[in-house]
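Peer 1: Pasted the sequence and its predicted model underneath.
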Amino acid sequence: CSREHTQNRSAPVVLPAGSHLWMFWDKGEADLRSHGDRHGSKYSLAWKCYTYWRALNPDLQIHLLDKETASAWSPEYRNLLDRDLPVQLMADVLRLDLLSLYGGVWTDVTVCPLHPLGGRLLDGTADFFMWHGPHLSSKSSFHKGVCTSPHSSSLNLHDNNRSSPPLEFGSFLVDNWFLVAPKTQNPLVEIWLAALLNTIQQLGDGSTPGQDYVYHLPHCVFTHLYADNNFVRMRYDAVSSCDVGYCQHNSNGVEFCEGLTSPCPREGAFLNEGADTTPDPLKLMYKGVSALAHMNWNAYDAYIKQVG
């Protein structure tokens, strides 16, 4: 495995019945449903994914929040409503605040499940989980540099001249499209949220990704926390045994991703197997339009009925 002290991982935690499953579509459920009827819509799959989460997890409290209901549930989201900030950045704050206050699972609406949330999916997650990818090479600077632009009027998260986090501390790409924190006030979530809010506070209204801050701002913030904060690094190192984040992404996953406690993949095992046309039960979930571009949705519907 790429991280040696994962053998001291915490015991698995089962997601209790009645736990929260959080999703967000700022324009509401009716608008999301309408995308399912629009041929060629980028988000036509999102409605399908939402219905699959509901079908597979009848014991969970499933919330599809919109702008109004999100502001009712999340004070940190509500506090940012008067700011001129992109909806994606608002959603980044929302997911962490919800997990901090109420616990549960966050999933983007473009994530399609293949199994219920339960023992198999959550094996080895300890009290927190998110997907992460392989360690970045020394030439990769996107997620190791400052998180806000030195050309903007905002303050940088770190001084422009600070050195990159040491590679041995794991400057790796993390993803926040699927997060698990069964209990409230998870310390990783709390620290991450505080750091993200501090960074956003330094951004001016009207700030745009790619110009005033990196597009994946929360990922960048977490990477700095992992490099600089001993507690965060040790706590997150106890989460997952392998760098398997992109198993569910890009070329639609590979079979070694069938479980979080599976043996680590061999070197170079990220295979380009092509997009699935029918659901692969060895995988955990699919993420994004490209992963589902060739999916036979009638076959997926039948699969969900069988598994559910």
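Peer 2: It's in.

Peer 1: give me the low-pLDDT residue ranges for the stretch 201-308 of the chain?
Peer 2: Applying pLDDT under 70 to the stretch 201-308 of the chain flags the ranges 239-274.

Peer 1: Tell me where it has strands.
Peer 2: Shown for the stretch 201-308 of the chain, the strands assigned by DSSP state E, counting those that start in this stretch span residues 285-287.

Peer 1: and what of the stretch 1-150 of the chain?
Peer 2: When assigned using DSSP E, counting those that start in this stretch, the strands of the stretch 1-150 of the chain occupy the ranges 20-24, 61-65, 104-107, 111-113, 129-135.

Peer 1: Of the ones you listed, which is nearest residue 45?
Peer 2: strand 111-113 (6.9 Å; CB to CB). C-beta coordinates here come from the backbone N, C-alpha and C atoms, glycine included.

Peer 1: Give me the sheet partners of that closest one and which way each runs.
Peer 2: strand 285-287 (antiparallel) (DSSP bridges).

Peer 1: show me where the stretch 1-150 of the chain has helices.
Peer 2: Ranges of helices in the stretch 1-150 of the chain, per DSSP state H, counting those that start in this stretch, are 29-36, 44-56, 67-73, 75-79, 87-102, 119-122.

Peer 1: correction: the stretch 201-308 of the chain
Peer 2: Using DSSP H, counting those that start in this stretch, helices in the stretch 201-308 of the chain cover 217-228, 230-237, 297-307.

Peer 1: The second one vs helix 217-228, what angle?
Peer 2: Okay, so that is helix 230-237. 110 degrees (axes from the mean of the first three to the mean of the last three CA atoms, to 10 degrees).

Peer 1: Excluding sequence neighbours, find me the nearest residue to residue 20.
Peer 2: residue 104 (3.3 Å; CB to CB, 6 or more residues apart in numbering).

Peer 1: burial measure for the one you found, as a count.
Peer 2: Residue 104: 25 surrounding residues under other CB atoms under 10 Å.

Peer 1: thinking again about what came up before, could you export the helices of the stretch 1-150 of the chain to CSV, including columns for mean pLDDT?
Peer 2: What follows is the helices of the stretch 1-150 of the chain, written out as CSV (pLDDT from 0 to 100):
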stretch, mean pLDDT
helix 29-36, 93
helix 44-56, 94
helix 67-73, 98
helix 75-79, 98
helix 87-102, 97
helix 119-122, 52
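
Peer 1: re earlier: pick the most deeply packed of the helices of the stretch 201-308 of the chain.
Peer 2: helix 217-228 (a mean of 22; mean count of other CB atoms under 10 Å).

Peer 1: so what secondary structure elements neighbour it?
Peer 2: Here helix 217-228 touches helix 87-102, strand 172-181, helix 187-201, helix 230-237, going by 3 or more CB pairs under 8 Å, 6 or more residues apart in numbering; DSSP states H and E.

Peer 1: For residue 131, find the nearest of the ones you listed.
Peer 2: Distance to residue 131, taken as CB to CB, is lowest for strand 172-181 among the helices and strands packed on helix 217-228, at 4.6 Å.
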